[in-house]
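# would you be able to build a 3D model of this:
(one chain, ligands or ions: 2)
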Amino acid sequence: MAVSLDIAHNSADPAAVSAVKSTPAIPRIVEDKPSLIGLNREELGKALATAGVPERQIRMRVNQMWHWLYVRGVSDFSKMSNVSKDLRTKLEFAFTIGRPEIVTEQISVDGTRKWLFRFPSRGAGKPVEVETVYIPEEDRGTLCISSQVGCTLTCTFCHTGTQMLVRNLTAEEVLAQLMLAKDLLNDFPDADAPEGGLGASTSNRRRITNLVMMGMGEPLYNFENVKKALLIASDGDGLSLSKRRITLSTSGVTPGIARTGDEIGCMLAISLHAVTDELRNTLVPINKKYNLETLLDACRNYPGVSNAKRITFEYVMLKDVNDSLQDAKKLVKLLAGIPAKINLLPFNPWPGSPYECSDWEQIERFADVVNAAGYASPIRTPRGRDIFAACGQLKSTSERLRKTEREALEKAQAEGKAQ
Ligand code: SAH
Ligand code: SF4
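Residues are numbered from 1 along each chain as shown. Ligands and ions are numbered 1, 2, ... in the order given. This next block holds a predicted model:
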């Protein structure tokens, strides 16, 4: 297949980026105040105590805040109608519950939305920009969130892998992607509705039913923050996403796999992409540290794994690289005994990418082998290609900004205006 992608819609091209037209007035994060978002109950209790909430009230207030923050989704203390005005003022003075800035929103012809969210630096370096993608389907709505800005790993087919790690996201920042996406999709009950009453969106079905950590970054290299955010997202008294509908995808950071099962308990996806160590060392270089045998052993022992709770193995289809029928047969053999699903990902090209996507007929032939071995092997339809939102295409502008700045500096230097 000739690789052709309409990169005019790439977010690097400001002309093609639709500015956010009708953003509702959503309060922004106040940079110099700590956020209450992303704290677990114990930390939230401690934070409330520092704002003067008496010890005997802490438990009750934590529950109250949890409901306002994660069930009603308020981003403004003044909406907390059953909290006294005096306490609301104290909280507002000490904390923020605002959202990141929405830099751009792009909507694909297939309904996929991609947002670029900007988080303040909070005193460390520059603000960072993060891409978050929403994929609506007939029976579900999936939000794909990021765990890092950039990535330390350098998988050769992945656009994020070409960007150096800028930094890990905090638990607040991981979770805020979900919160702001819910705001923008009207997926919280209307916070203005009477306490306990149902707001506008609850009469419809949920818009975000599934959460996948498949955006930028390697989630298991930011384990503590990802864990905290996912435990809040799945808390039954809050955002209430079922752990069966939360999937963490890893390139194979083997020591983090058992911890994911034990401490988070969500679904697991493995970016496999090759069936020999030799090829995987090139495509997914972390394989040099944790080879296929080590990785698949960790999968076999994944806490909670069963036929009802299978591990998803992702396999990107790269023309003449990993897409032979022999590869397909080896794949099936390799996964024998592991409760597994196989997801074939047509390669999503990006400008300068060194691969082509396999021919469609070859993907189908590959899928037939996998199917014949008893795996329902859905070929994942790429979504949001026109807005550069498909798997592995996310790349923050944080690096691009630096590049622009560098170019400006170089220009100024050439003109003798700077040292
Ligand atoms: N770092 C994690 C999660 C983010 S990547 C991981 O590697 O699993 C999410 C998925 O997109 C991974 O399976 C990754 O291998 C895949 N991917 C990356 N680049 C891609 C591309 N250009 N085309 C298709 N899939 C890609
Ligand atoms: Fe990082 Fe995942 Fe991309 Fe590899 S595929 S570079 S681990 S984001």
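
# quick test: name the residue nearest the centre of the chain.
What sits nearest the mean C-alpha location of the chain, by Cα atoms, centre = their mean, is residue 145, with 1.5 Å.

# hang on, that one packs against residue 217?
No. Contact criterion Cβ atoms under 8 Å: residue 145 and residue 217 do not qualify, at 9.7 Å. For every residue, glycine as well, the C-beta is placed using N, CA and C.

# packing partners for the helix or strand hosting residue 45?
Assessed by DSSP states H and E, residue 45 sits inside helix 41-50. When contacts are defined as 3 or more Cβ pairs under 8 Å, 6 or more residues apart in numbering; DSSP states H and E, helix 41-50 sits against helix 58-66, helix 85-94.

# how much space between the residue nearest to residue 246 when sequence neighbours are not counted and residue 326?
Nearest residue to residue 246, sequence neighbours excluded (Cβ to Cβ, 6 or more residues apart in numbering): residue 266, at 4.1 Å. Counting by Cβ to Cβ, to the nearest Å, the separation of residue 266 from residue 326 is 34 Å.

# output the helix holding residue 45 as PDB, nothing but the C-alphas.
Extracted C-alpha coordinates of helix 41-50, given in PDB (Å, rounded to 0.1, in the frame of the first residue of the first chain):
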ATOM      1  CA  ARG A  41      -8.700   9.900  50.200                       C
ATOM      2  CA  GLU A  42      -6.000  10.000  52.800                       C
ATOM      3  CA  GLU A  43      -4.100  12.800  51.000                       C
ATOM      4  CA  LEU A  44      -7.400  14.700  50.500                       C
ATOM      5  CA  GLY A  45      -8.100  14.500  54.200                       C
ATOM      6  CA  LYS A  46      -4.700  15.900  55.000                       C
ATOM      7  CA  ALA A  47      -5.200  18.700  52.500                       C
ATOM      8  CA  LEU A  48      -8.500  19.600  54.000                       C
ATOM      9  CA  ALA A  49      -7.000  19.700  57.500                       C
ATOM     10  CA  THR A  50      -4.400  22.200  56.300                       C
END
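
# next, give phi and psi for residue 144.
Per-residue torsions, residue 144: phi -110, psi 120 (degrees, to the nearest 10).

# same question, residue 140
In terms of degrees, to the nearest 10, the main-chain angles of residue 140 are phi -160, psi 170.

# and it, how far is that from residue 180?
Applying Cβ to Cβ to residue 140 and residue 180 gives a distance of 20 Å.

# for residue 263, same thing?
In terms of Cβ to Cβ, residue 263 sits 26 Å off from residue 180.

# please apply the same query to residue 316.
Separation of residue 316 from residue 180 (Cβ to Cβ) stands at 29 Å.

# neighbour count for those two, which is higher?
Counted by other Cβ atoms under 10 Å, residue 316 and residue 180 do not tie: residue 316 has more neighbours, with 28 against 21.

# is the nearest residue to that one once chain neighbours are set aside in a helix, a strand, or coil?
Residue nearest to residue 316 in three dimensions, not counting chain neighbours: residue 345, with 4.6 Å by Cβ to Cβ, 6+ apart. State at residue 345, reduced to three classes by DSSP: H, G, I helix; E, B strand; the rest coil: strand.

# give me the number of residues near residue 345?
So residue 345, with other Cβ under 10 Å, has 22 neighbours.

# on the pLDDT front, check it for me.
The model reports residue 345 with a pLDDT of 94.

# isn't it up against residue 312?
No. The criterion here is Cβ under 8 Å, and residue 345 misses it with residue 312 at 10.8 Å.

# before we move on, the earlier item: so for ligand 1, which of the helices and strands packed on helix 41-50 sits nearest?
Closest to ligand 1 of these is helix 58-66 (Cβ to the nearest ligand atom; 28.8 Å).

# same for that closest one, what does it pack against?
helix 41-50.

# what residues of the helix it packs on count as buried?
Residues of helix 41-50 classed as buried: 41, 44-45, 47-48 (neighbour count, 16 or more other Cβ atoms under 10 Å).

# in the protein, which spans are strands?
For the chain, the strands defined by DSSP state E cover 101-107, 113-119, 128-136, 141-144, 148-149, 167-168, 210-213, 246-250, 267-271, 311-317, 340-346.

# interface residues of this structure facing ligand 2?
With Cβ under 6 Å from any ligand atom as the criterion, the chain meets ligand 2 at residues 151, 153-155, 158, 160-161, 217-218, 251, 271, 392.

# filter the residues you listed down to the buried ones, PyMOL style.
To isolate the buried members of these in PyMOL, using 16+ other Cβ under 10 Å:
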select buried, resi 151+153+155+158+160+161+217+218+251+271+392
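
# quickly name whichever of the residues of the chain next to ligand 2 is closest to residue 97.
Here the nearest of the residues of the chain next to ligand 2 to residue 97, counting by Cβ to Cβ, is residue 217; it sits at 24.6 Å.

# the closest one and residue 151 touch, don't they?
Yes. In this structure, residue 217 is within contact of residue 151 by Cβ under 8 Å, at 5.1 Å.

# tell me, what's touching the two both at once?
Here residue 217 and residue 151 have 160, 165 as joint contacts, going by Cβ atoms under 8 Å, 6 or more residues apart in numbering.

# distance of the residue in the stretch 1-150 of the chain positioned nearest to ligand 2 from residue 170?
Nearest residue of the stretch 1-150 of the chain to ligand 2: residue 148, at 7.9 Å (Cβ to the nearest ligand atom). Distance, residue 148 to residue 170, by Cβ to Cβ: 11 Å.

# who has more neighbours, those two?
Ranked by neighbour count (other Cβ under 10 Å), residue 148 and residue 170 place residue 148 first, with 28 against 19.

# residue contacts, the more buried one?
165-169, 216-219, 221-222.

# so what pLDDT did the closest residue to residue 41 other than its chain neighbours get?
Using Cβ to Cβ, 6+ apart and skipping residues adjacent in sequence, the residue nearest residue 41 is residue 62, 5.4 Å away. Reading off the confidence values, residue 62 has pLDDT 97.

# surely residue 62 and residue 46 touch.
No. Contact criterion Cβ under 8 Å: residue 62 and residue 46 do not qualify, at 9.8 Å.
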